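J.: The amino acid sequence is not available; the structure is as follows:
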């Protein structure tokens, strides 16, 4: 049976570490990091995520700056808002300074707004989501380091390292090539000296490649696509998928499942993350870590 | 026996196409594209490459702007030079305008200069080498396009497509992960819907992975490391390596070989590029193409 990686517990450890960092910043430098969480419109799922992020900030002592914008805001006005936040000077209290260390724009944006344009306008020094193409370029390039690494991919790497899984010299297979997970996690694995293969919707026979992997990152967005016989015995499997499937036995009528068939794969893999409670909690923890790291950088400069 | 891909002939075709584009720009818009080729110091190999590039410009009708700087130039002075070229206004003749469409800084730079810093200072609109991290980031990201794609990786893709090798849905293995070839060619293959694996110096058993490839890009910088029994029968093999090995039978005392054992692999592969005469000539051809494409973009704007 696979060792189940407890993402909730690891994320809680990281949040404690971040809270300790925030406390040190405050006591040693009188600095309180600030994070602007921007939401456009009133999508229910986006509101849930944004509330979660804002609450998490409060819990570790990060000042959350709430920016709630109407669904019909123009692209120009949103760009102006991002520029205002880029230039936002620190808030000063009686005994502290609170710089705006990070700006997060919750995705997806309404269809009339070009997401690429908006993300490119965020100052790379405040790009805590790590999606600016300049940060992605530096993530890709050998010998260069981005200012921020995207939260979910960084969370995957952290789950591996805190579970004692070695990456260097291992075969890693990433299922999916999205800008948000598949691509950046591939680049991180490559930087960590894994031999990386990327399979995707155009791969004729993905199971034959996944079967060779010591480390599998499942980020395809396909409910339970990865079966037990896809997995090499003992492999470490990180399931990034969050898919809702009908479940009449639940009051809600649905339940969340990953891209991995948990029941099957848990019998074969050496390590496995559950859904929920695996990668999910790590994303917010990494956002907090990126924010406090940004604030630290601000002090060094 | 493998079909030998004639890089010299394909590069000559592309240079003719570029020359035709340059002629059209000139007749229809009175525009002559300009390329600044910057060399610092007097390394023999760099001078050879730079002379080759400048001569190639002249042959297709691109105005070559020669910038020869002393070995001991300061980083600050080199940055200032790059900024001057970024801002360089068009040269006007009696009947034409010649914008500076591209800036190429020949690498390597002297040790006291930070290459990363210099390459990041080149305006992305003139970054014909495609090495700016913003261009690499856009190359990596789905749904985004860089202004320029690095010349050698682009040349590899062009050799495949002009030889009738399909990339979509194929297994591609890239040997090497340099910023100049391995990494960007992996990203290009992924964008073209190949299933991509990247093997490198930390890969314990590269041959077992290369053996699965329909397309092999050899860019490790190791003379003749890829043997016949590494190759799946019929695979397309692009050899980016240029290594000089001792050869007492030659007057020069050496000869150039690729990363592929040509004699062995040519018996197994379906397609193979020779060294020299394969990828090499494509790099300069792609530089010319990037320059004329930059000039075209300048007209549309």
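T.: Noted; the coordinates are in hand. The structure presented is a predicted model; accordingly, all values stated were derived computationally and were not measured. Residues are numbered from 1 along each chain as shown, chains lettered A, B, ... in the order given.
J.: from here on, contacts and neighbour counts on C-alpha atoms
T.: Fine.
J.: For the residue of chain A found nearest chain B, give me its contacts.
T.: Closest contact between chain A and chain B, by CA to the nearest CA, is at residue A:137 (3.4 Å). Each residue near residue A:137 by CA atoms under 8 Å, 6 or more residues apart in numbering or on different chains is listed here: A:146, B:133, B:134, B:135, B:136, B:137, B:138, B:140.
J.: these two touch, right, the third one and residue A:133?
T.: So that's residue B:134. Yes. At 5.7 Å, residue B:134 and residue A:133 qualify as touching, with contact defined as CA atoms under 8 Å.
J.: Could you give the secondary structure assignment for the closest residue to residue A:64 other than its chain neighbours?
T.: Closest residue in space to residue A:64, ignoring its immediate chain neighbours: residue A:35 at 5.1 Å, by CA to CA, 6 or more residues apart in numbering or on different chains. Secondary structure state of residue A:35, per DSSP: H, G, I helix; E, B strand; the rest coil, is strand.
J.: Residue A:3: neighbouring residues, count only.
T.: 15 (other CA atoms under 10 Å in any protein chain shown).
J.: Bridge partners for it, pull those for me.
T.: residue A:271 (DSSP bridges).
J.: hmm, back to that, looking at this, the residue of chain A closest to chain B is in a helix?
T.: Yes. With three-state DSSP as the criterion, residue A:137 is part of a helix.
J.: where exactly do the helices run in the stretch 101-250 of chain A?
T.: Ranges of helices in the stretch 101-250 of chain A, per DSSP state H, counting those that start in this stretch, are A:115-121, A:133-140, A:151-162, A:182-191, A:206-210.
J.: For residue B:109, find the nearest of those helices.
T.: With CA to CA as the measure, helix A:133-140 is the member of the helices of the stretch 101-250 of chain A nearest residue B:109 (19.9 Å).
J.: Now do the contacts for the spatially closest residue to residue A:196 that is not a sequence neighbour.
T.: Leaving aside its sequence neighbours, residue A:196 sits nearest to residue A:172 (CA to CA, 6+ apart; 4.9 Å). Neighbour list for residue A:172: A:189, A:194, A:195, A:196, A:197, A:213, A:214, A:215, A:216, A:217 [criterion: CA under 8 Å, 6+ apart].
J.: out of these, which are buried?
T.: Among the contacts of residue A:172, those classed as buried by 16 or more other CA atoms under 10 Å in any protein chain shown are A:189, A:194, A:195, A:196, A:197, A:213, A:214, A:215, A:216, A:217.
J.: near chain B, which residues of chain A?
T.: When proximity is defined by CA under 8 Å from any CA of the partner chain, chain A lies next to chain B at A:133-138, A:140-142, A:168-170, A:178-179, A:183, A:193-200, A:202-204.
J.: So for residue A:92, what's the pLDDT?
T.: Here, the pLDDT recorded for residue A:92 equals 80.
J.: for residue A:301, same thing?
T.: pLDDT, read off for residue A:301, is 49.
J.: next one: residue A:175
T.: 98.
J.: Count residues in the vicinity of it, would you?
T.: 30.
J.: ok, now residue A:142?
T.: Taking other CA under 10 Å as the criterion, the count of residues near residue A:142 is 16.
J.: still on that earlier bit, could you dump the buried ones among the contacts of residue A:172 to TSV with pLDDT?
T.: Output for these, formatted as TSV (pLDDT from 0 to 100):
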residue	pLDDT
A:189	98
A:194	98
A:195	98
A:196	98
A:197	98
A:213	98
A:214	98
A:215	98
A:216	98
A:217	98
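J.: out of these, which are inside strands?
T.: Among the buried ones among the contacts of residue A:172, the members found in strands (DSSP state E) are A:195, A:196, A:197, A:215, A:216, A:217.
J.: I'd say the fourth one and residue A:233 touch.
T.: No. Contact between residue A:215 and residue A:233 fails when scored by CA under 8 Å: they sit 10.9 Å apart.
J.: moving C-terminal of the helix or strand where residue A:39 lies, what's the next helix or strand?
T.: According to DSSP states H and E, residue A:39 maps onto strand A:34-40. Using DSSP H and E, the helix or strand that directly follows strand A:34-40 along the chain is helix A:44-60.
J.: what's that next one packed up against?
T.: Contacts defined by 3 or more CA pairs under 8 Å, 6 or more residues apart in numbering or on different chains; DSSP states H and E place helix A:44-60 against helix A:7-29, strand A:34-40, strand A:63-69, helix A:280-300.
J.: Need these in CSV (columns: mean neighbour count).
T.: Shown next, in CSV, are the helices and strands packed on helix A:44-60 (neighbours: other CA atoms under 10 Å in any protein chain shown):
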stretch, mean neighbour count
helix A:7-29, 18
strand A:34-40, 22
strand A:63-69, 16
helix A:280-300, 22
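J.: Reformat these as TSV; add distance to residue B:16.
T.: Shown next, in TSV, are the helices and strands packed on helix A:44-60 (distance: least, CA to CA, whole Å):
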stretch	distance to residue B:16
helix A:7-29	58
strand A:34-40	51
strand A:63-69	54
helix A:280-300	51
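J.: Centre of the chain to the lowest-mean-pLDDT helix or strand in chain A, how far?
T.: Least confident helix or strand of chain A, by mean pLDDT, DSSP states H and E, is strand A:91-92 with a mean of 80. Offset of strand A:91-92 from its chain centre (CA atoms, centre = their mean, to the nearest Å): 29 Å.
J.: for chain A, which spans come out with low pLDDT?
T.: A:300-301 (pLDDT under 70).
J.: And for it, the residue most distant from the center?
T.: residue A:94 (34.5 Å; CA atoms, centre = their mean).
J.: ok, the least confident helix or strand of chain A: who's next to it in the sheet?
T.: Its sheet considered, strand A:91-92 pairs with strand A:97-98 (antiparallel) by DSSP bridges.
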